[in-house]
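Visitor: sequence and predicted structure are below.
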Number of protein chains: 4
Amino acid sequence: MSAIPVGILGATGMVGQRMLHLLEGHPWFQVAFIAASQRSAGRPYAEAAPWRLHGECPGHLAGRIVSSCDPALIPAGVKIILSALDGSVAGPIEEMFRAAGFLVVTNASAWRMDPLVPLVIPEVNPDHTALLHRQPGAGAILANPNCCAIPLALALAPLHRAFGVEAITVSTWQAVSGAGYPGESAWDMVGSVHPHAGKEEEKLAIEPLKILGAPDAPADFPISARCVRVPVADGHLLGVHARLTGAPSAAAVARLMTDWDGGVAAELPSCPTPPLRLTTRRDRPSPRFDIHAGGGMAVTIGRVEDCPVMGVKFYALGHNTIRGAAGAAIANAELLCQQGFLAS
Amino acid sequence: MSAIPVGILGATGMVGQRMLHLLEGHPWFQVAFIAASQRSAGRPYAEAAPWRLHGECPGHLAGRIVSSCDPALIPAGVKIILSALDGSVAGPIEEMFRAAGFLVVTNASAWRMDPLVPLVIPEVNPDHTALLHRQPGAGAILANPNCCAIPLALALAPLHRAFGVEAITVSTWQAVSGAGYPGESAWDMVGSVHPHAGKEEEKLAIEPLKILGAPDAPADFPISARCVRVPVADGHLLGVHARLTGAPSAAAVARLMTDWDGGVAAELPSCPTPPLRLTTRRDRPSPRFDIHAGGGMAVTIGRVEDCPVMGVKFYALGHNTIRGAAGAAIANAELLCQQGFLAS
Amino acid sequence: MSAIPVGILGATGMVGQRMLHLLEGHPWFQVAFIAASQRSAGRPYAEAAPWRLHGECPGHLAGRIVSSCDPALIPAGVKIILSALDGSVAGPIEEMFRAAGFLVVTNASAWRMDPLVPLVIPEVNPDHTALLHRQPGAGAILANPNCCAIPLALALAPLHRAFGVEAITVSTWQAVSGAGYPGESAWDMVGSVHPHAGKEEEKLAIEPLKILGAPDAPADFPISARCVRVPVADGHLLGVHARLTGAPSAAAVARLMTDWDGGVAAELPSCPTPPLRLTTRRDRPSPRFDIHAGGGMAVTIGRVEDCPVMGVKFYALGHNTIRGAAGAAIANAELLCQQGFLAS
Amino acid sequence: MSAIPVGILGATGMVGQRMLHLLEGHPWFQVAFIAASQRSAGRPYAEAAPWRLHGECPGHLAGRIVSSCDPALIPAGVKIILSALDGSVAGPIEEMFRAAGFLVVTNASAWRMDPLVPLVIPEVNPDHTALLHRQPGAGAILANPNCCAIPLALALAPLHRAFGVEAITVSTWQAVSGAGYPGESAWDMVGSVHPHAGKEEEKLAIEPLKILGAPDAPADFPISARCVRVPVADGHLLGVHARLTGAPSAAAVARLMTDWDGGVAAELPSCPTPPLRLTTRRDRPSPRFDIHAGGGMAVTIGRVEDCPVMGVKFYALGHNTIRGAAGAAIANAELLCQQGFLAS
């Protein structure tokens, strides 16, 4: 298979940089188009986007001129667009690309709850891409879930299938990179934590239901979340209390999580097998040690224990800008490729 | 009333220093005896105990010679001992002081679940001191609860009385000072969080039941806790999900918390009125801003909201070495004084 | 003396809030006018300025309506204005107040190197206020130095007077609050440090010379600075290497610093005596323990030692938003009052 | 070349773990012996040494039984030992291995200033290994420099050779991992910085002189250091002010650093070429972004600028447990191999 060209929107932000970094040497994809806001368009990438990841901006990117987000500028052959556009502007721009016939995989929250837009995690609901055919026009939009909803839905997926989830309470210890750049004020985060001021708790209450349900019928159980930002650079930790049908033991739950292979996603280059890694260390998972599991795409599960209130409880940790954003988009693009959406 | 002399055991540790600091200028008490381990005994306080709080060791303390933990050394007139001894050594030493006829208020976990030892928060269960009369011998031991159990029990107290608590799930964002000094390794805490490796979750599951029950009969509802240490110096934040009898609304719960006056504790110098302070800011309470409420003795409550799983949820934040340890001991000593235990 | 009315510009930012907090119960001054940008004008203070200091916005401030920065709105009797306006807008607005006849004490960098504007620390160069008479028109502007320049100039002042400073190298470990709110991105500061991207090093190279010189003739020695932001909320630590005329010993330097009384400033309510506090602890000063010395207005000096390269070296630590900004302005206003500038 | 067997002492600590991690898949070396203190001896590695680096303990290590530090237990064929023993016990144990005929590369400070023990950085003074022949007995000891001395000596090496160094002032922003595990108390480091309480400044004043001089004659210029611990996990940042003979411009200094190839070390697997990487970003180098340069073995240099006091100034950043400890030992072992010390 020769390299499949992809375009990137919002390439200069923190998630956009992660996308470009993860696509370096990707076995299937090649970056053929880099676009960002008008402020960046026309400038060399390294100047428009001071590199905010480890090391330096890859050399071949540095001098590349950033395009504006205009479908007319896209080179021939590009069918799929990964968008890391900021939520405040993503909607209309992505709509324009859809109308122009492109498949758009978006990280923005704008489309997630649109009933015709699939909200996909390849290991969990690859079949939801069927919704793409129902969208009007030549193109279509597929959305990544929120960066906390992804590890939660991944951890619940095998449990929901095997037992059924009846209710969830979840608390988070969320990294600052989840807010983008510049994101949170250092004054709020240095030596302190703060209850999340945004809409994180609301998203965490509804997105997993759409993901874990059928394309037409979201799952139906309550999720009650508390989201707190902590002074950690990368890595969202979740403490989950779950009520499952039939009240399986913690041991049974742990076994199920360990054995889950992630289905068809196991064949995608960005999806590690297994998707859930169980640790037996009492003081784990933690951001310092576990965010890079599976190249940042595995979710590390720990302390699966019986809970006297809800039945079972466990921790889940995922890398929020890889599994929770940039890598999520790439894995979804791989899924579309696997399913033939990119064939000519 | 002339000053009541008190003795301090474990005066050189982090909690011992807080006790001495809080007792500076105390309206009722005067420090008449300062003791610590053999390593410190016989040395000037400032040398035995490098000051680990803001500023410098109070001048009049600096040169005072630290005693060993020997009841025979206690000056005449001292009837009450506040102990901040490390949990690993507290038990036998405190037993020795009890046997010698002293009232011992201890911060160590060793005695907390002893059925004859009252586990007291002055606002919540001042009547539990009745258990002191049942202890054998001339002296008696009263215990402070764990530093997370105190804000949790304080927050639940008015709710349990008015409605009845049926079940709790609780997550914590806990400060490093809760582990004493040196406590946690900086390597584990700088730029990361980690699931608590100690017995915190177990303590949080049982201590509130003893506090909220009758002296002879602990309350009976399940508490399921997740305790995570975060890179914060002082201040434990708790996210509480509560199932209450009758399923009162969040508004009713908030009103009850706001109106609670803390009972007889309102007359104690160290107990602020009201004990619970409700904030309406969406991103509060947080350690940066709220730990000093009520001189570090108030618990700040925020985001009291309806919970689709448990009924109601809220945040609670308390200063872990003041309300959760040193101040807790002093308030308990004040309570004993108020109840006449220190009268000749 | 009845309370002297003062006006505050830029009252809603981090420094403005500190000013208002420090002026609560001030023995000489009373806040008679609170103004901020157009975005805040006309709104109640608590709504325009979410409180970013410990605790809650003082009750009597919360409902006060914020004015716009218009001299015409100032109540009769107000002669002096403290400005915490952001540097990007301060210049023209402060000029307007000067033209209207007010004495303006500004924290902005715009005026600092203007030859007619005194750059004042009350303990160091109170005589520089003579420059105020040379400014054209009815009003006048006095500037606070930069938040690092203040502790450096304070530490050097007695040395420069007694010996003469010949050269300085200085490195800083600077707190995030020095950048205002929101200031630095949490992504840059959590678990990392970063060389300061602003003009801090340049300011630190020239402002102390103006302060330590005569009103008409700045001191003349080179200062070479390295300024690095660290994940600390409040408190700038400086490591100073100094070449002094006559190469005095570290012991002589320490004695001089200890003995320095701060001159006429000792009579000002906000200036602690002595202004420099020497610590003998090897691991001090540090932000955790020393920022509140003298109510945040003292500079703590430590590790005064012989230096084989420069002659002597020491650490200096100051609270950057109190001694380095809000308290600096208030102390300068007190100085003007002491010198009769506010007399009718 | 078939794999050369090496032994590791102190394999369970933070530096020992880094050594084992870096030796995974090493092109020349194979770990043939793993030893630690009596507390660990006889236990499986994963149990004796809870893994404190990213991810999990490599599987083939987990079950390996830790030996005690006894030369008699070493398998035949092992000639070289890398020691990460704690400084408090390293001396006598390493002496025992030397006496038994082994080449010992030690990370401990005990031997560094011994006149017969070479203190080596492969890029800087590979010829110092000549001292090994002068040591009595069959074996010999070679020492790694301190974790701050290494980046300082590396940065100065080309300058000292080309111009001559006359004097240095240096300040550090040092990571907590430099203190080992558990090392610093989290209480001292969370949200604060503190002047280093150990002997870091003293080591930094003398070790670079031994490294930059001839085997028999240390370089002779004063170094005055200020070492401050900051809340960063890994990565020591140094701010260096240098007086060089002939007062070369910052531009000339930067060019020299950029062009330096590290000599014979360029052929060693662990030494990146070039050893110094210059960044042009104004807010770099910083631990977040630059510690992994050259696999953690390159030193990143930034902000090379003229200094009005000393002549030139710059920042240098290195990974303290890789370039500053574990990787330093491995590179030195590679150097010994290259020089024929390991030939039969």
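Guide: In hand now; what should we look at?

Visitor: could you use CA atoms for every contact and neighbour count after this?
Guide: Will do.

Visitor: number of nearby residues for residue A:204?
Guide: 24 (other C-alpha atoms under 10 Å in any protein chain shown).

Visitor: that one and chain B, how far apart?
Guide: 13 Å (C-alpha to the nearest C-alpha, to the nearest Å).

Visitor: skipping adjacent residues, who's closest to that residue in space?
Guide: Nearest residue to residue A:204, sequence neighbours excluded (C-alpha to C-alpha, 6 or more residues apart in numbering or on different chains): residue A:149, at 5.4 Å.

Visitor: and for residue A:317?
Guide: residue A:237 (4.4 Å).

Visitor: enumerate every residue touching that neighbour.
Guide: By C-alpha atoms under 8 Å, 6 or more residues apart in numbering or on different chains, the residues touching residue A:237 are A:172, A:173, A:174, A:285, A:286, A:287, A:315, A:316, A:317, A:318.

Visitor: let's see that with 10 Å instead.
Guide: A:148, A:151-152, A:171-175, A:230, A:285-287, A:291, A:299-301, A:315-320, B:193-195, B:228 (C-alpha atoms under 10 Å, 6 or more residues apart in numbering or on different chains).

Visitor: for chain C, what's its nearest residue on the stretch 1-150 of chain A.
Guide: As assessed by C-alpha to the nearest C-alpha, chain C sits closest to residue A:52 within the stretch 1-150 of chain A, at 8.7 Å.

Visitor: what is the neighbour count of that residue?
Guide: Residue A:52: 18 surrounding residues under other C-alpha under 10 Å.

Visitor: I'd say residue A:82 and residue A:333 touch.
Guide: Yes: the criterion here is C-alpha atoms under 10 Å, and residue A:82 meets it with residue A:333 at 7.8 Å.

Visitor: shared neighbours, these two?
Guide: What both residue A:82 and residue A:333 touch, as defined by C-alpha under 10 Å, 6+ apart, is the set A:6, A:103, A:104, A:105, A:142.

Visitor: re earlier: now do the residue nearest to the residue of the stretch 1-150 of chain A closest to chain C when sequence neighbours are not counted against residue A:322, distance only.
Guide: Leaving aside its chain neighbours, residue A:52 sits nearest to residue A:14 (6.9 Å; criterion: C-alpha to C-alpha, 6+ apart). Using C-alpha to C-alpha, to the nearest Å, one gets 11 Å for the distance from residue A:14 to residue A:322.

Visitor: can I assume residue A:289 sits in a strand?
Guide: No: according to DSSP: H, G, I helix; E, B strand; the rest coil, residue A:289 belongs to no strand; its state is helix.

Visitor: picking up where we left off before, list the contacts of the residue nearest to residue A:204.
Guide: By C-alpha under 10 Å, 6+ apart, the residues touching residue A:149 are A:155, A:200-201, A:203-209, A:211, A:238, A:324.

Visitor: for the residue sitting furthest away from the middle of chain A, which non-adjacent residue is spatially closest?
Guide: Most distant residue from the mean C-alpha position of chain A: residue A:308, 31.8 Å away (C-alpha atoms, centre = their mean). Leaving aside its chain neighbours, residue A:308 sits nearest to residue B:222 (5.9 Å; criterion: C-alpha to C-alpha, 6+ apart).

Visitor: residues of the stretch 101-250 of chain A that sit close to chain C?
Guide: Taking C-alpha under 10 Å from any C-alpha of the partner chain as the contact definition, the stretch 101-250 of chain A meets chain C at A:175-192, A:230-234.

Visitor: of the residues you listed, list those near chain B.
Guide: On the criterion C-alpha under 10 Å from any C-alpha, A:175, A:187, A:188, A:189, A:190, A:191, A:192, A:230, A:231, A:232, A:233, A:234 are the entries of these that sit beside chain B.

Visitor: returning to that earlier point: dihedrals phi and psi, the residue nearest to residue A:52?
Guide: For residue A:14, the backbone dihedrals are phi -60, psi -40 (criterion: degrees, to the nearest 10).

Visitor: again, but for residue A:53
Guide: Taking degrees, to the nearest 10 as the convention, residue A:53 sits at phi -110, psi 180.

Visitor: got it, and residue A:11?
Guide: Per-residue torsions, residue A:11: phi -70, psi -10 (degrees, to the nearest 10).

Visitor: ok, back up a step: between the ones next to chain B among the residues of the stretch 101-250 of chain A next to chain C, which sits nearest residue C:124?
Guide: Closest approach to residue C:124 among those (C-alpha to C-alpha): residue A:187, at 30.8 Å.

Visitor: contacts only, for the closest one.
Guide: Applying C-alpha under 10 Å, 6+ apart, the residues contacting residue A:187 are B:288, C:52, C:175-186, C:189, C:231-234.

Visitor: just the buried members of these?
Guide: Listed as buried from these are B:288, C:52, C:175-182, C:184-186, C:189, C:231-234; burial here means 16 or more other C-alpha atoms under 10 Å in any protein chain shown.

Visitor: quick one: which of those sit in helices?
Guide: Using DSSP state H, the members of the buried ones among the contacts of residue A:187 that fall in helices are B:288, C:186, C:189.

Visitor: disregarding residues adjacent in the polypeptide, which is nearest to the first one?
Guide: I take that to be residue B:288. Of all residues not flanking residue B:288 in the chain, residue A:192 sits nearest, at 5.5 Å (C-alpha to C-alpha, 6+ apart).

Visitor: doesn't that neighbour lie inside a strand?
Guide: No: according to three-state DSSP, residue A:192 belongs to no strand; its state is coil.

Visitor: per-residue confidence for residue A:54?
Guide: pLDDT for residue A:54: 89.

Visitor: taking chain A, what residue is nearest to chain C?
Guide: residue A:186 (3.9 Å).

Visitor: who are the contact partners of the nearest residue to that residue once chain neighbours are set aside?
Guide: The shortest distance from residue A:186 to any non-neighbouring residue, by C-alpha to C-alpha, 6+ apart, is to residue C:186 (3.9 Å). Listed by C-alpha under 10 Å, 6+ apart, the contact set of residue C:186 reads A:175-177, A:179-190, A:231-233, C:176, C:192, C:231.

Visitor: cool, residue A:112 as well?
Guide: A:106, A:118-120, A:141-146, A:203, A:206-207, A:210.

Visitor: would you turn these into CSV with secondary structure, pLDDT and distance to residue A:27?
Guide: CSV is the format used below for these (DSSP: H, G, I helix; E, B strand; the rest coil; pLDDT from 0 to 100; distance: C-alpha to C-alpha, whole Å):
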residue, secondary structure, pLDDT, distance to residue A:27
A:106, strand, 98, 21
A:118, coil, 98, 25
A:119, strand, 98, 24
A:120, coil, 98, 21
A:141, strand, 98, 23
A:142, strand, 98, 22
A:143, strand, 98, 23
A:144, coil, 97, 21
A:145, coil, 98, 24
A:146, coil, 97, 26
A:203, helix, 96, 33
A:206, helix, 98, 34
A:207, helix, 98, 30
A:210, helix, 98, 31
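
Visitor: drop anything exposed from the residues you listed.
Guide: A:106, A:118-120, A:141-146, A:203, A:206-207, A:210.

Visitor: which residues of chain A lie near chain D?
Guide: Counting by C-alpha under 10 Å from any C-alpha, chain A comes close to chain D at A:50-56, A:189-192, A:231, A:233, A:279, A:281, A:285-294.

Visitor: if we can go back for a sec, redo the ones in helices among the buried ones among the contacts of residue A:187 as CSV? Include distance to residue B:114.
Guide: Output for these, formatted as CSV (distance: C-alpha to C-alpha, whole Å):
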residue, distance to residue B:114
B:288, 36
C:186, 46
C:189, 46
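
Visitor: what's the closest of the residues you listed to chain A?
Guide: For those, the minimum distance to chain A (C-alpha to the nearest C-alpha) is 3.9 Å, reached by residue C:186.

Visitor: per-residue pLDDT, the closest one?
Guide: Residue C:186 is given a pLDDT of 97.

Visitor: circling back: for the residue nearest to residue A:52, list the residues it contacts.
Guide: Contacts of residue A:14 by C-alpha under 10 Å, 6+ apart are A:49-53, A:84, A:177-182, A:321, A:325-326.
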